[in-house]
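1. Sequence isn't available, so here's the structure alone:
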């Protein structure tokens, strides 16, 4: 088994940005962790091909949590690869499946109330983006401590950024896929986007839990992997 970082470059307001989904390779089987923003499926497919793998071998998609940059292209992937198994935590599953309003949308709508006139337009645009996200059923729900992917990957509950956020621990590889539970900040692990954390204290506790694993490599969705 191996973990491959997928650097996906895009532009926002004329500036270059990256996100870093992860590809888990186990023999011929591929597992994608998080799907990027809406419309990002072709970018991710292209990167997978560039790295020598075939998206047709995609077996699983694991979603660390509900945010537009993590589930945005999930619907497109499931439409194109209908046999793929979508995996998410029990807590995040209802919002990913579209059964309940997501925590992020509730937060974004609440923030609109106190926004200045200058901020209102971007705030309303973000709310509409969240409302437009297309949902799919989750095929497999997971919980804290569960071993998945043939017993090679342990689910770690890392709440804070959202209440059902999960990270993935690979003991044999001494590696962690953090999602947004951590960010590579000047070669140190830090809380990702603390201003958007639903519970900052929980996010800080989750970060410390990931640090305590003392992994050799942390694969962060934002700013890329960090090795020790």
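-> Thanks, I have the structure now. Worth saying up front: this structure is predicted, and the values here are computed from it rather than measured. Numbers count the residues shown, from 1 in each chain.
2. any idea which helix or strand carries residue 121?
-> helix 117-132 (DSSP states H and E).
3. tell me how far that helix is from the chain's mean position?
-> 21 Å (CA atoms, centre = their mean, to the nearest Å).
4. For that helix, buried residues please.
-> Along helix 117-132, these residues count as buried under the neighbour rule (16 or more other CB atoms under 10 Å): 123, 126, 127, 130. (Glycine included, C-beta is placed from N, CA and C.)
5. Could you double-check that the first one sits in contact with residue 113?
-> This means residue 123. No - contact criterion CB atoms under 8 Å: residue 123 and residue 113 do not qualify, at 9.6 Å.
6. Find the residues that touch each one of these two.
-> In terms of CB atoms under 8 Å, 6 or more residues apart in numbering, residue 123 and residue 113 are not both contacted by any residue.
7. I'd like the distance between residue 41 and residue 75.
-> To residue 75, residue 41 is 9 Å away according to CB to CB, to the nearest Å.
8. Neighbour count: the two, which is higher?
-> residue 41 (21 against 17; other CB atoms under 10 Å).
9. show me where this structure has helices.
-> 41-50, 68-71, 74-80, 93-96, 103-112, 117-132, 200-212 (DSSP state H).
10. Residue 221 against residue 20, yeah?
-> Yes - judged on CB under 8 Å, residue 221 makes contact with residue 20 at a distance of 5.6 Å.
11. what's the closest residue to residue 132 other than its chain neighbours in contact with, if anything?
-> Take residue 132 and drop its neighbours on the chain: the residue closest to it by CB to CB, 6 or more residues apart in numbering is residue 38, 7.7 Å away. Neighbour list for residue 38: 68, 72, 73, 76, 129, 132, 133 [criterion: CB under 8 Å, 6+ apart].
12. ok, how many other residues are close to the nearest residue to residue 49 once chain neighbours are set aside?
-> Spatial nearest neighbour of residue 49, excluding adjacent residues (CB to CB, 6+ apart): residue 55 at 6.9 Å. Residues lying near residue 55 (other CB under 10 Å) number 18.
13. for the one 10 residues further on, same thing?
-> Other residues within reach of residue 65, judged by other CB under 10 Å, total 29.
14. do the same with residue 192
-> Residues contacting residue 192 under the criterion other CB under 10 Å number 24.
15. Would you mind confirming that it is in contact with residue 161?
-> Yes - here residue 192 reaches residue 161: they are 6.4 Å apart, a contact under CB under 8 Å.
16. Overlap in contacts, the two.
-> Common contacts of residue 192 and residue 161, defined by CB under 8 Å, 6+ apart, comprise 180, 181.
17. quick one: contacts for residue 52?
-> Residue 52 neighbours (CB under 8 Å, 6+ apart): none.
18. which residues does residue 182 contact?
-> Applying CB under 8 Å, 6+ apart, the residues contacting residue 182 are 167, 189, 190, 191, 192, 207, 210, 218, 220.
19. Nothing else from me, thank you.
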